[in-house]
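Colleague: after the sequence you'll find the predicted model.
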Amino acid sequence: MRVLAGDVGGTKTIIALAEVQGTQVTVLSEQRYDSKGHGTLDEIVRAFLAEHPAPGLPACFGVAGPVAGNACQATNLPWRIDGDALGRSLGLGSTVLINDFAAAALSIDALGPADLATLHDGAPDPKGPRAVLGAGTGLGEAVLVYNGSRYEVLPSEGGHGDFAPRNALEIGLLEHLLKRFPDHVSYERVVSGPGLVNVYDYLRDAAVAPESTAVREAMTREDRGAVIGRNAVGGSDALCVRAVELFGAIYGAEAGNLALKVLASGGVYLMGGIAAKILPCLEQGSFVEGYLSKGRLRRVVERYPVRVVVNPRFGLLGAAVRAAQA
């Protein structure tokens with residue numbers, strides 16, 4: 001089956017024509033667009049279809065924002081998107097909007113062995129619930145449940161759950177964050193791109209390690225989180241290394257929390273750009289220990305494998321899978 005799929009974000013939108021066989025997706029053609037350079041999603045998709053006609057094909061677009069009634073107000077764009085109206089306007093078949101992280105979760109069965117890196121091995125149940133987390137601009141969470149014939153995604157806003165420190169160092173982090181966010185400190189304030197910067201600032205202010213001049217100067221020119229991650233992976237700066245270690249431990253703890261809440265016997269999957277970029281650091285132990293540190297229930301999460309999705313096109317693949325289901 002041929003479908004039209006889209007991954008719609010605040011910075012970029014990717015539209016693709018794909019072929020779906022079961023859960024396997026082959027992208028036939030794709031184009032990236034500057035989201036903020038266009039007034040509507042209709043305008044972008046129309047430009048793609050001018051070069052790649054797809055009359056009557058089913059379509060799905062993963063959108064960064066809450067979806068209700070097949071409509072969505074994009075979170076980081078001034079776009080109100082109506083899936084039914086979009087499909088009619090462009091001459092498409094069934095046209096579905098889903099949350100972008102729900103699309104990411106649906107991509108799992110479309111991934112191959114080369115798209116996954118294992119942090120913790122286990123014995124997954126091929127039809128068991130799956131827990132999906134993604135640290136990026138925020139912290140996305142979702143659950144996949146098997147309905148007897150395929151997996152269905154249950155969206156979640158679990159990343160906004162209360163941050164629960166586990167030791168003196170993390171209690172200090174909570175106290176540090178409460179000064180900036182007195183009403184509520186969520187896991188997203190720690191496990192995300194901005195969260196990694198929050199962790200770094202806390203450790204710097206707590207004099208856990210000194211801030212180097214080179215790192216401080218690089219942060220004036222580049223994204224601060226990217227600077228921290230790069231120096232941690234390279235092992236070139238002690239403060240960056242400590243920040244990513246603590247970030248990874250808390251990321252692992254929250255992954256274990258979600259695994260326990262849904263008994264994720266089908267596995268735990270990490271998505272989003274951060275995990276893939278700092279993969280060497282996550283493989284060094286703090287993440288896995290955070291994941292396994294569940295006291296009497298350690299033996300439960302030990303059975304659930306944890307894998308990082310290293311294919312950056314997961315959102316597009318998941319949208320294609322959902323389009324075929326529609």
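Modeller: Received the coordinates, thanks.
Colleague: pLDDT score for residue 285?
Modeller: Residue 285 carries a pLDDT value of 88.
Colleague: just give me the neighbour total for it.
Modeller: 14 (other Cβ atoms under 10 Å). The C-beta positions use only the backbone N, C-alpha and C, and glycine is treated the same way.
Colleague: and the gap between it and residue 244?
Modeller: Residue 285 sits 12 Å away from residue 244 when distances are taken as Cβ to Cβ, to the nearest Å.
Colleague: is it true that residue 311 touches residue 113?
Modeller: No. The pair residue 311 and residue 113 fails to qualify as a contact (Cβ atoms under 8 Å) at a distance of 10.9 Å.
Colleague: compare these two (neighbour count), which wins?
Modeller: Neighbours of residue 311 and residue 113, each counted by other Cβ under 10 Å, are more numerous for residue 311; the result is 16 against 7.
Colleague: specify the local secondary structure of that one.
Modeller: At residue 311 the chain is in coil, as set by DSSP: H, G, I helix; E, B strand; the rest coil.
Colleague: once you drop chain neighbours, what's closest to it?
Modeller: Excluding its sequence neighbours, the residue lying closest to residue 311 (Cβ to Cβ, 6 or more residues apart in numbering) is residue 115, at 3.8 Å.
Colleague: does that neighbour touch residue 310 like I think?
Modeller: Yes. Assessed by Cβ under 8 Å, residue 115 is found in contact with residue 310 at 6.1 Å.
Colleague: which phi and psi does the residue nearest to residue 311 have?
Modeller: Its backbone dihedrals place residue 115 at phi -90, psi 0, with angles given as degrees, to the nearest 10.
Colleague: got a list of what it touches?
Modeller: For residue 115, the contact set (Cβ atoms under 8 Å, 6 or more residues apart in numbering) comprises 309-311.
Colleague: and those residues as TSV, adding distance to residue 3 and pLDDT?
Modeller: TSV is the format used below for the contacts of residue 115 (distance: Cβ to Cβ, whole Å; pLDDT from 0 to 100):
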residue	distance to residue 3	pLDDT
309	21	97
310	24	95
311	18	93
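Colleague: now distance to residue 130 too, for those, in JSON lines please.
Modeller: Compiled in JSON lines, the contacts of residue 115 are given as follows (distance: Cβ to Cβ, whole Å):
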{"residue": "309", "distance to residue 130": "12"}
{"residue": "310", "distance to residue 130": "17"}
{"residue": "311", "distance to residue 130": "16"}
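Colleague: which helix or strand contains the closest residue to residue 271 other than its chain neighbours?
Modeller: Spatial nearest neighbour of residue 271, chain neighbours left out: residue 134 (3.8 Å); criterion: Cβ to Cβ, 6+ apart. Following DSSP states H and E, one finds residue 134 within strand 130-135.
Colleague: for that strand, give the mean pLDDT please.
Modeller: If you average the per-residue pLDDT over strand 130-135, you get 95.
Colleague: for the residue nearest to the spatial centre of the chain, give the beta-bridge partners.
Modeller: For the chain, the residue sitting closest to the mean C-alpha position, by Cα atoms, centre = their mean, is residue 134 at 2.8 Å. Using DSSP bridges, the beta-bridge partners of residue 134 come out as residue 140, residue 271.
Colleague: which residues in this structure form helices?
Modeller: Counting by DSSP state H, one finds helices in the chain at the ranges 41-51, 83-90, 100-106, 168-180, 193-205, 213-221, 224-234, 238-262, 273-277, 279-282, 286-292, 298-301, 314-325.
Colleague: and for the third one, what's in contact with it?
Modeller: Yep, that's helix 100-106 we're talking about. The set of residues that contact helix 100-106 without belonging to it, under Cβ under 8 Å, 6+ apart, is 7-9, 60, 62-65, 98, 130, 132, 134, 140-144, 151, 153, 155, 269, 271-272, 309, 314-316, 318-319, 321-322.
Colleague: CA atoms of that helix as CSV?
Modeller: Taking C-alpha atoms only, helix 100-106 is exported to CSV below (Å, rounded to 0.1, in the frame of the first residue of the first chain):
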residue,chain,number,x,y,z
ASP,A,100,4.1,13.4,16.9
PHE,A,101,5.2,11.2,19.8
ALA,A,102,2.4,8.8,19.1
ALA,A,103,3.7,8.5,15.6
ALA,A,104,7.2,7.9,17.0
ALA,A,105,5.9,5.1,19.1
LEU,A,106,4.2,3.4,16.2
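Colleague: mind checking how far that helix is from the chain centre?
Modeller: Computed by Cα atoms, centre = their mean, to the nearest Å, the separation of helix 100-106 from the middle of its chain amounts to 8 Å.
Colleague: circling back: what distance do you get for the residue nearest to the centre of the chain to residue 77?
Modeller: Residue 134 sits 19 Å away from residue 77, going by Cβ to Cβ.
Colleague: show me the contacts for residue 288.
Modeller: 119-120, 252, 306.
Colleague: tell me which of the residues you listed is nearest to residue 293?
Modeller: Minimum separation from residue 293 among the contacts of residue 288 (Cβ to Cβ) is found for residue 252, which lies at 8.0 Å.
Colleague: how much space separates the closest one from residue 98?
Modeller: For residue 252, the distance to residue 98 equals 28 Å [Cβ to Cβ].
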